[in-house]
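[1] predicted structure and sequence below. I'll ask about it afterward.
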There are 2 protein chains.
Amino acid sequence: MFLLQVIFTLAQTDPLPSWNEGATKDAIISFVKDVSTEGSDKFVPKEYRIATFDNDGTLWCEKPLIQGLYVGYRVKKMAAKNPALRKKQPYKAILEGDKAYLHKLTEKDLVSLIIQTHTGTSEAEFDQDVREFFNTAKDHNGKAMHQLLYQPQLELLQFLRDNGFRVYICSGGTIEFVRAISQEYYGIPSEQVIGTRFKYLYKDSANINDLYRQPAIVSFNDKQEKPVNIRYHIGKRPILACGNEGGGGDIYMLRYSQGNTYPSLQLLVDHDDNERESAYAEKDNKSLNWAKKYGWQVISMKKDWKRIFPE
Amino acid sequence: MFLLQVIFTLAQTDPLPSWNEGATKDAIISFVKDVSTEGSDKFVPKEYRIATFDNDGTLWCEKPLIQGLYVGYRVKKMAAKNPALRKKQPYKAILEGDKAYLHKLTEKDLVSLIIQTHTGTSEAEFDQDVREFFNTAKDHNGKAMHQLLYQPQLELLQFLRDNGFRVYICSGGTIEFVRAISQEYYGIPSEQVIGTRFKYLYKDSANINDLYRQPAIVSFNDKQEKPVNIRYHIGKRPILACGNEGGGGDIYMLRYSQGNTYPSLQLLVDHDDNERESAYAEKDNKSLNWAKKYGWQVISMKKDWKRIFPE
């Protein structure tokens, strides 16, 4: 009697209520159940049930890029302290919203801008500043940052944890920026966040015992650098990796996962919903082409997600 | 009745049976109980109960240096394939046990030797080779590698885990070398090992999906680099850090831990037991001086450890 009740309850409980029924949802649920059921052909011991998720465009939106909003927030703060910046590019363009100028910035310009806005404070000050940003910032539609998370993915993270997975974020965003909200937004502790890293110096004296961020990025955690940092950080290939099309940055993480000797699943979020989010694609369509070539499961935001953002 | 039995059993069970009674053992047990008991003044939430341990000279012996033995093992293998090495220094000196020559090697020579012996294979081949070494190698006394672990420390690792700690190794040894045995020897999974890192390149094609170790070390995880890598890897300061005197390599890890806003404990193993292990000290005595200056708990191998190695 009791057992039947449990089975009945389980059958009634949908672990992914914001996902539409269909091949994608089926593939995810089957995979998770297979690898976590002892005796199954595809069973994977718990210590190898590792999942890695990209962040921008995969767990929350990337148009607008949230760390980009933070750059704007920092530039405003910096200009308030040092008004000369108002006349200096690219600060002037950012403060005035000069899109024509901003679109001409090269990747080198952008990296330099991230360095300028993300260094020069202690770690504790930086952390507090980022938290303040997350508590006050709004996007162009007036939405708070936590409203830009993808609700179906929050359910997927929980479903994985409920089945013995250890879930990591593997983001192109800088590591401390993501860590400031990883526990609160995703239930992912700081030690399970991999990201772009600044150079650090440790200083110790009678009054100082702290790390100081230097104006240099030592690892830009994108493309082929994602497998490298997963190797350093975890030392195991993930059995589930989830990224998104748009910048081509996640394809090597998915490939690396696919080289696992255990059964594995690769998921690629397709930004194809212009009504509820944004529709965009890569010029060469590489991520979607590789998904087809290598048999990755494509998540159509339009078809597979009942809703996109939290209520 | 049942509760009394449990209390009685707990009172009878010594979590650190290989530690002699005294101030060191008391300090460790009090600290661990304080930070893990809800309602205690010093209570630390579980997610912040992070401990970091150096490896060489802290969890296992460093005289001989086990990774040094592995270098010798590799050189023998390399010379078997390429006999020309027998006439080339420093390989010749290693193969012939020419101590006079070896003592003249600079740190740069040693790093170069590690690079030469630790690259040029795939990751899977390297891992298999290291495992073979651990299963077959003996030290100068004919002891197998797992017999060079410190038994009291194995008990401490378990005691910490039993009280909700997450325990990391933070080693000067290269990360994959330590990971090859971290689970089996210490119960510490690969994702909780921090170490010296080689440069990696990820290659992906129709036949290849792997990381390739390059002949360059990108982070030598010693001295000030330990706090830097703890920050990258964990994102939290440890509340317990344990190192050893001898090379001065752990003092910044202990200092970094001491900057925690939570209560913290610093432990420094003193190699003062020439009968059962080796007695040695730093020329400037820096680690022991800092221990005194900053109030770290010194572990005397001679006085505090009932036995040193496993039976």
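    Received it, and whenever you're ready, just let me know what you need. Note that this is a predicted model, so its numbers are computed, not measured.

[2] what residue ranges in chain A are flagged as low confidence?
    Low-confidence segments of chain A (pLDDT under 70): A:1-12.

[3] kindly recompute the last result at 50.
    For chain A, the stretches with pLDDT under 50 are A:1.

[4] now do the helices in it.
    A:2-12, A:23-36, A:66-81, A:91-96, A:99-103, A:107-118, A:123-136, A:151-162, A:175-181, A:225-233, A:251-258, A:286-294, A:301-304 (DSSP state H).

[5] tell me the residues of the stretch 201-311 of chain A that contact chain B?
    When proximity is defined as CB under 8 Å from any CB of the partner chain, the stretch 201-311 of chain A approaches chain B at A:201-202, A:204, A:209-211, A:224-225, A:227-228, A:231-236, A:252, A:255-256, A:258-259. From N, CA and C alone the C-beta is placed, and that goes for glycine too.

[6] narrow the residues you listed to just the buried residues.
    Neighbour counting by 16 or more other CB atoms under 10 Å in any protein chain shown classes A:202, A:204, A:209-211, A:224-225, A:227-228, A:231-236, A:252, A:255-256, A:258 among these as buried.

[7] next, the distance between the ends of stretch A:303-311.
    End-to-end distance for stretch A:303-311, by CA to CA, to the nearest Å: 19 Å.

[8] quick one: that stretch to chain centroid distance?
    When distances are taken as CA atoms, centre = their mean, to the nearest Å, stretch A:303-311 is centred 17 Å away from the chain's centroid.

[9] same check on stretch A:188-206?
    For stretch A:188-206, the distance to the chain centre is 18 Å (CA atoms, centre = their mean).

[10] what residues are up against the nearest residue in space to A:W290 that is not next to it in sequence?
    Nearest residue to A:W290 in three dimensions, chain neighbours excluded: A:I251, at 5.2 Å (CB to CB, 6 or more residues apart in numbering or on different chains). Residues near A:I251 by CB atoms under 8 Å, 6 or more residues apart in numbering or on different chains: A:223, A:243, A:286-287, A:290.

[11] what of A:L267?
    Contact analysis of A:L267 by CB under 8 Å, 6+ apart lists A:28, A:240-243, A:296-299.

[12] out of the residues you listed, which end up buried?
    Using 16+ other CB under 10 Å, the buried members of the contacts of A:L267 are A:28, A:240-243, A:296-299.

[13] between those, which sits nearest chain B?
    A:A241 (12.6 Å; CB to the nearest CB).

[14] for the closest one, which non-adjacent residue is spatially closest?
    A:S257 (3.6 Å).

[15] what about the one you found, how many neighbours?
    Using other CB atoms under 10 Å in any protein chain shown, the number of residues around A:S257 comes to 27.

[16] that one contacts A:C242, correct?
    No: applying CB atoms under 8 Å as the test, A:S257 and A:C242 come out as separate, 9.2 Å apart.

[17] return every residue with contacts to both of the two.
    Shared contacts of A:S257 and A:C242 (CB under 8 Å, 6+ apart): A:52, A:266.

[18] and the stretch 1-150 of chain A, which residues reach chain B?
    Residues of the stretch 1-150 of chain A lying near chain B by CB under 8 Å from any CB: A:47, A:50, A:123.

[19] residue contacts, the second one?
    Same thing as A:I50. Going by CB under 8 Å, 6+ apart, A:I50 touches A:165-166, A:168, A:234, A:236-240, B:191.

[20] and for the last one?
    Shown here is A:E123, whose contacts under the criterion CB under 8 Å, 6+ apart are A:176, A:210-211, A:213, B:231.

[21] for the most centrally placed residue in chain A, phi and psi?
    Taking CA atoms, centre = their mean, the centroid of chain A lies closest to A:N55, which sits 0.8 Å from it. With angles defined as degrees, to the nearest 10, A:N55 sits at phi -110, psi -70.
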